[in-house]
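**Student:** The following comprises the amino acid sequence and a computationally predicted model.
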Amino acid sequence: MSSIQHVTEESFQETVLDSTLPVLVDFTAVWCGPCKMLEPVVEELAGEWEGTVTIVKLDVDHNQSVAMKYMVMGVPTLILFQNGEPKERLTGYKPKKQILKKLSPYLK
């Protein structure tokens, strides 16, 4: 079972926006094929980044107001939040190398 926490509209503020660590939010949906492909990559990152970056999942179908607030038009979308601000965004399935390249400047 996944060690990645699921967030909701209710827990988003506390878990993501108020976090002292950077938080990578995986905006996902149960029916989404590319989301399922991305899942093992996100799981791997969660293990590698433990203690450095918090990784959470948000189901867009059940938390539409959060998805709309951050203009998530397609899933999967990864958004890295730092100090409550969205810093970087990747939409669609991306290989791990591409995710690392885009996000590593924020993970110092």
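**Tutor:** Sure, I can see it.

**Student:** centroid residue for the protein?
**Tutor:** Centrality entry for the chain: nearest residue to the mean C-alpha point is Val25, 1.9 Å, by CA atoms, centre = their mean.

**Student:** and it, bridged to which residues?
**Tutor:** Val56, Ile79 (DSSP bridges).

**Student:** so it makes contact with Thr54?
**Tutor:** No. Using CB atoms under 8 Å as the test, Val25 is too far from Thr54 to be in contact (9.2 Å). In short, each C-beta sits where N, CA and C put it, glycine included.

**Student:** Can you point out the buried residues in the longest helix out of those in the chain?
**Tutor:** The longest helix of the chain (DSSP state H) is helix 33-48. Going by neighbour count (16 or more other CB atoms under 10 Å), the buried part of helix 33-48 is 34-35, 38-39, 41-42, 45-46.

**Student:** what does stretch 51-65 give?
**Tutor:** 53-60, 63.

**Student:** and those residues as CSV, adding distance to Ile99 and pLDDT?
**Tutor:** Putting the buried residues of stretch 51-65 into CSV (distance: CB to CB, whole Å; pLDDT from 0 to 100) gives the following:
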residue, distance to Ile99, pLDDT
Val53, 11, 94
Thr54, 15, 95
Ile55, 11, 96
Val56, 15, 97
Lys57, 15, 97
Leu58, 17, 98
Asp59, 20, 97
Val60, 19, 98
Asn63, 22, 97
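
**Student:** Closest to Thr8 out of these?
**Tutor:** Of all these, Thr8 sits closest to Asn63, with 5.6 Å by CB to CB.

**Student:** Now do the contacts for the residue lying closest to the closest one once chain neighbours are set aside.
**Tutor:** Nearest residue to Asn63 in three dimensions, chain neighbours excluded: Glu9, at 4.8 Å (CB to CB, 6 or more residues apart in numbering). Glu9 makes contacts with 63, 65-66, as judged by CB atoms under 8 Å, 6 or more residues apart in numbering.
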